[in-house]
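Trainee: 3D, please:
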Amino acid sequence: MINDIVNDAEKRMQKIVEALRETLGRMRTGRASPGLLEHLMVSYYGTDTPLSQVATINVSDSRTLSITPWEGDMVGPIEKAIMTSDLGLNPATSGKNIRVPLPALTEERRKEFVKLVRDEAEKGRVSIRNIRRDANGDLKGFLKEKEISEDDERRGQDRVQKLTDTFVAKVDALLKEKEEDLMQV
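Mentor: The predicted structure is shown next:
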């Protein structure tokens with residue numbers, strides 16, 4: 001019973017960390033990353049489809065992404081999706097290949113991104129603490145129903161707290177890594 005609560009909390013916390021990792025991967029740094037464009041929606045025969053499902057996205061060099069559509073007709077819609085996105089990128093087409101150069105970030109823009117990254121990390125920490133609260137509430141409910149003893153409840157809360165500390169540390173590590181990446185010139 002206690003193991004089920006702890007395992008459920010661990011799975012949910014892991015999902016929070018993975019979601020944060022994905023969100024931070026989408027945030028633009030000075031370096032090219034396919035994750036920057038994967039989530040863009042492209043009009044594919046009237047249906048909005050993620051860019052990663054209609055083209056191959058590669059890193060040609062540290063500041064340039066190369067996109068190769070699977071169908072030649074998709075060059076125009078892909079260019080349009082990139083230009084209308086809030087990323088501030090200007091694609092250049094040569095035949096069936098689309099090159100997307102990433103301009104260098106200004107110091108001010110880097111600091112804005114760091115603030116955004118910190119906000120996302122704080123949201124992750126809050127979500128993890130909410131999962132801890134839910135797990136502890138479940139343990140208290142079992143104690144109230146006399147399905148577990150007070151000692152078992154205490155041990156369960158200690159395990160949940162250790163789990164919470166572990167996952168908050170993972171969020172902090174992701175935050176530190178992304179901040180360093182952003183502030184690198």
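Trainee: contacts and neighbour counts: CA atoms only from here.
Mentor: Will do.
Trainee: What helices and strands are in contact with the helix or strand hosting Glu79?
Mentor: Using DSSP states H and E, Glu79 sits in helix 75-84. The contact analysis (3 or more CA pairs under 8 Å, 6 or more residues apart in numbering; DSSP states H and E) places helix 75-84 against strand 41-44, strand 97-101.
Trainee: In CSV, could you pull the C-alpha coordinates for it?
Mentor: In CSV, the C-alpha atoms belonging to helix 75-84 read as follows (Å, rounded to 0.1, in the frame of the first residue of the first chain):
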residue,chain,number,x,y,z
VAL,A,75,9.0,23.6,-48.6
GLY,A,76,6.6,26.6,-48.7
PRO,A,77,4.4,25.6,-45.8
ILE,A,78,7.5,24.8,-43.6
GLU,A,79,9.1,28.2,-44.5
LYS,A,80,5.8,29.9,-43.6
ALA,A,81,5.5,28.1,-40.3
ILE,A,82,9.1,29.1,-39.3
MET,A,83,8.6,32.7,-40.2
THR,A,84,5.2,33.1,-38.4
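Trainee: Can you give the strand pairings for the following helix or strand past that helix, parallel or anti for each?
Mentor: From helix 75-84 onward toward the C-terminus, using DSSP H and E, the following helix or strand is strand 92-94. Strand pairing for strand 92-94, determined by DSSP bridges: strand 97-101 (antiparallel).
Trainee: Output the helices and strands packed on helix 75-84 in CSV, with distance to Arg125, mean neighbour count and mean pLDDT appended to each entry.
Mentor: Shown next, in CSV, are the helices and strands packed on helix 75-84 (distance: least, CA to CA, whole Å; neighbours: other CA atoms under 10 Å; pLDDT from 0 to 100):
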stretch, distance to Arg125, mean neighbour count, mean pLDDT
strand 41-44, 29, 19, 84
strand 97-101, 34, 19, 87
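Trainee: Would you mind telling me which of these is nearest Glu153?
Mentor: Taking CA to CA, strand 41-44 is the member of the helices and strands packed on helix 75-84 nearest to Glu153, at 47.4 Å.
Trainee: just checking, what packs against the helix or strand following the closest one?
Mentor: Taking DSSP H and E as the definition, the helix or strand that follows strand 41-44 towards the C-terminus is strand 47-50. Strand 47-50 is packed against strand 41-44, with contacts defined by 3+ CA pairs under 8 Å, 6+ apart.
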